[in-house]
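[1] Structure for the following, please:
(chains A and B)
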2 protein chains.
Amino acid sequence: MSDFPKSDLNTVKRLPKRGHYDRETIYPIVDEALICHVGFAIEGMPFVMPTIHTRIGDTIYLHGAVANRMLNHIKQGYSVCITVTHIDGIVFARSVFHHSMNYRSAVLFGRGRVVETYEEKWKVFEALTEHIAKGRWNDARKPNEVEDKTTAIVAIEIESASAKIRSGPAGDEEEDYALPVWAGVLPVRMEFGPPEKDAPLPESVETPQYIKNYTRKGKS
Amino acid sequence: MSDFPKSDLNTVKRLPKRGHYDRETIYPIVDEALICHVGFAIEGMPFVMPTIHTRIGDTIYLHGAVANRMLNHIKQGYSVCITVTHIDGIVFARSVFHHSMNYRSAVLFGRGRVVETYEEKWKVFEALTEHIAKGRWNDARKPNEVEDKTTAIVAIEIESASAKIRSGPAGDEEEDYALPVWAGVLPVRMEFGPPEKDAPLPESVETPQYIKNYTRKGKS
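    From the prediction side, this is the model:
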């Protein structure tokens, strides 16, 4: 897979060593995230909305009700910025100044279009469901005609993208290492479970493995 | 504390019952979040950047290097949208259509200004550090003159805001309850620890309680 070209849009300027432009780094960060934050501007006014996403190749898909303001704006071809962020740790340095976060973030830029054909919509319904949990599409009741008609889907082809990653220990000024101040990393992670069965569910329906052993790792 | 007035900007249109406009609901969501996603638009182009924030009263503060593009844009008085999101659960319904998420999100709107006085900057340094962990400001080495000079801080007075909350079980169509499909909620939460001591730290420096028992709850 190739790199996204570096431009004024996607170049990581602050601490450039943390910047990455290759799909092999960016896409696993995007796919591991359950949700993204979507940025768009209406007459110069910025909006940021959290929503579930899914990726197929170089395209991000978003969905919602047909009346959804965000989707109705995006589908007109306006520019969109999609950001996902994983926090991996809080970095406690001896000095306030060097406190930091271990994280993996990806920032994607593209323009929207509406997904109109039944074939592409169906492919996206499946991808969105599998983004939630691999295996779910086969188990759940598929969308019917009314549900299909009341769901809008927009596609955003990724034109530019970058990832930013920080990992590792705290870094302090040489003279601060002598201070008796606790320093280190407090790991942060998302935990899932235990599953809470829906009350009306019959005893005979077993909890699927993809829910029992739920993980976001290896979603790409 | 009073409500933010409902306008076209902040009104939750989709599933209005999930919308909240009071500070008592919105601010704990903002304060519990370790980071926010900041949206701004430069010549119509939207950007969304993850960053740490802190709140004092009706003001959100962001910080970064003095050369930071986002801060240099915001401080000119442009509109900003700040969004925080907590995922509390994945809602597995019997039908694909009714899959959902339990979440608490807050969307804030305001305009930026630069924080210039030493007094306000110092108050924000403390608030940012305490946002990371209550008690940290007293322990860590405070910013020196150079660190103060190389750090930019912008303030965004919150002019409009709303929160959106979903909780509770899956909701399915009446006729789908007979299906032998697993349904329920998979709880999602952020977990912290155990702390990883910095290698050069002397044995005599004990791990503070605010790191051992780290939590984001009750930050307001």
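[2] so who does A:Glu173 touch?
    The contact partners of A:Glu173, taken as CB atoms under 8 Å, 6 or more residues apart in numbering or on different chains, are A:95, A:98. All C-beta spots, glycine's among them, are computed from the backbone N, C-alpha and C.
[3] Select the longest helix from chain A.
    Across chain A, the longest stretch assigned as helix under DSSP state H is helix A:118-132.
[4] packing partners for that one?
    Judged by 3 or more CB pairs under 8 Å, 6 or more residues apart in numbering or on different chains; DSSP states H and E, helix A:118-132 is in contact with strand A:45-56, strand A:59-65, helix A:136-139, helix A:145-149, strand A:151-166.
[5] burial of the nearest residue to A:Tyr21 once chain neighbours are set aside, as a residue count?
    Leaving out its chain neighbours, the residue that sits closest to A:Tyr21 by CB to CB, 6 or more residues apart in numbering or on different chains is A:Asp3, at 4.5 Å. By other CB atoms under 10 Å in any protein chain shown, 14 other residues sit near A:Asp3.
[6] Verify the stated contact: A:Asp3 with A:Arg23.
    Yes: here A:Asp3 reaches A:Arg23: they are 7.5 Å apart, a contact under CB atoms under 8 Å.
[7] Stretch A:77-86 and chain B, are they touching?
    Yes: counting by CB under 8 Å from any CB of the partner chain, chain B is contacted by stretch A:77-86 at A:79-83, A:85.
[8] And stretch A:56-71, by the same measure?
    Yes: Stretch A:56-71 lies within reach of chain B by CB under 8 Å from any CB, at A:64-65, A:67-69.
[9] List the contacts of the residue lying closest to A:Ser204 once chain neighbours are set aside.
    Distance criterion CB to CB, 6+ apart; nearest residue to A:Ser204, sequence neighbours excluded, is B:Pro180 at 7.1 Å. By CB under 8 Å, 6+ apart, B:Pro180 lies in contact with A:202, A:204-205.
[10] go on, A:Glu157?
    So A:Glu157 contacts A:58-59, A:110-111, A:113 (CB under 8 Å, 6+ apart).
[11] a markdown table for the helices and strands packed on helix A:118-132, including mean pLDDT?
    Shown next, in a markdown table, are the helices and strands packed on helix A:118-132 (pLDDT from 0 to 100):
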| stretch | mean pLDDT |
| --- | --- |
| strand A:45-56 | 98 |
| strand A:59-65 | 97 |
| helix A:136-139 | 98 |
| helix A:145-149 | 96 |
| strand A:151-166 | 97 |
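[12] Tabulate these in TSV, adding columns for distance to A:Phe92.
    Output for the helices and strands packed on helix A:118-132, formatted as TSV (distance: least, CB to CB, whole Å):
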stretch	distance to A:Phe92
strand A:45-56	28
strand A:59-65	35
helix A:136-139	39
helix A:145-149	48
strand A:151-166	14
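[13] B:Arg94 is nearest to which of those?
    helix A:136-139 (9.2 Å; CB to CB).
[14] Packing partners of that closest one?
    Packing partners of helix A:136-139 (3+ CB pairs under 8 Å, 6+ apart): helix A:118-132.
[15] Could you list the buried residues of the helix it packs on?
    A:121, A:123-132 (16 or more other CB atoms under 10 Å in any protein chain shown).
[16] how about a markdown table for these, with pLDDT added?
    Listed next are those as a markdown table, based on pLDDT from 0 to 100:
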| residue | pLDDT |
| --- | --- |
| A:Lys121 | 97 |
| A:Lys123 | 98 |
| A:Val124 | 98 |
| A:Phe125 | 98 |
| A:Glu126 | 98 |
| A:Ala127 | 98 |
| A:Leu128 | 98 |
| A:Thr129 | 98 |
| A:Glu130 | 98 |
| A:His131 | 98 |
| A:Ile132 | 98 |
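[17] Between the residues you listed, which sits nearest A:Ala33?
    Nearest to A:Ala33 out of the buried residues of helix A:118-132 is A:His131 (CB to CB; 9.4 Å).
[18] measure the residue of chain A positioned farthest from its centre to B:Leu201 for me?
    For chain A, the largest distance from the centre (CA atoms, centre = their mean) belongs to A:Ala178, which lies 40.3 Å off. Going from A:Ala178 to B:Leu201 by CB to CB, to the nearest Å gives 11 Å.
[19] For chain A, give me the ranges with low pLDDT.
    Within chain A, the stretches with pLDDT under 70 are A:1.
[20] 80 - rerun?
    A:1, A:14 (pLDDT under 80).
[21] Isn't A:Asp172 up against A:Ser95?
    Yes: here A:Asp172 reaches A:Ser95: they are 5.9 Å apart, a contact under CB under 8 Å.
[22] Find residues that contact each of the two.
    Contacts common to A:Asp172 and A:Ser95, judged by CB under 8 Å, 6+ apart, are absent.
[23] Show the contacting residues for the nearest residue to A:Asp176 once chain neighbours are set aside.
    Excluding the flanking residues, the one nearest A:Asp176 by CB to CB, 6+ apart is A:Arg94, at 4.4 Å. With contacts defined as CB under 8 Å, 6+ apart, A:Arg94 is in contact with A:170, A:172, A:176-177, A:179, A:181, A:183, B:140-141.
[24] can you do 7 Å?
    A:172, A:176, A:179, A:181, A:183, B:140-141 (CB atoms under 7 Å, 6 or more residues apart in numbering or on different chains).
[25] cool, A:Pro187 as well?
    Residues counted as contacts of A:Pro187 (CB under 7 Å, 6+ apart) are A:88-89, B:193, B:196.
[26] Among those, name the buried ones.
    Using 16+ other CB under 10 Å, the buried ones in the contacts of A:Pro187 are A:88-89, B:193.
[27] Give me the phi and psi angles of the closest residue to A:Arg69 other than its chain neighbours.
    The spatially closest residue to A:Arg69, leaving aside those adjacent along the chain, is B:Lys13, at 6.7 Å (CB to CB, 6+ apart). When quoted as degrees, to the nearest 10, the phi and psi of B:Lys13 stand at phi -90, psi -40.
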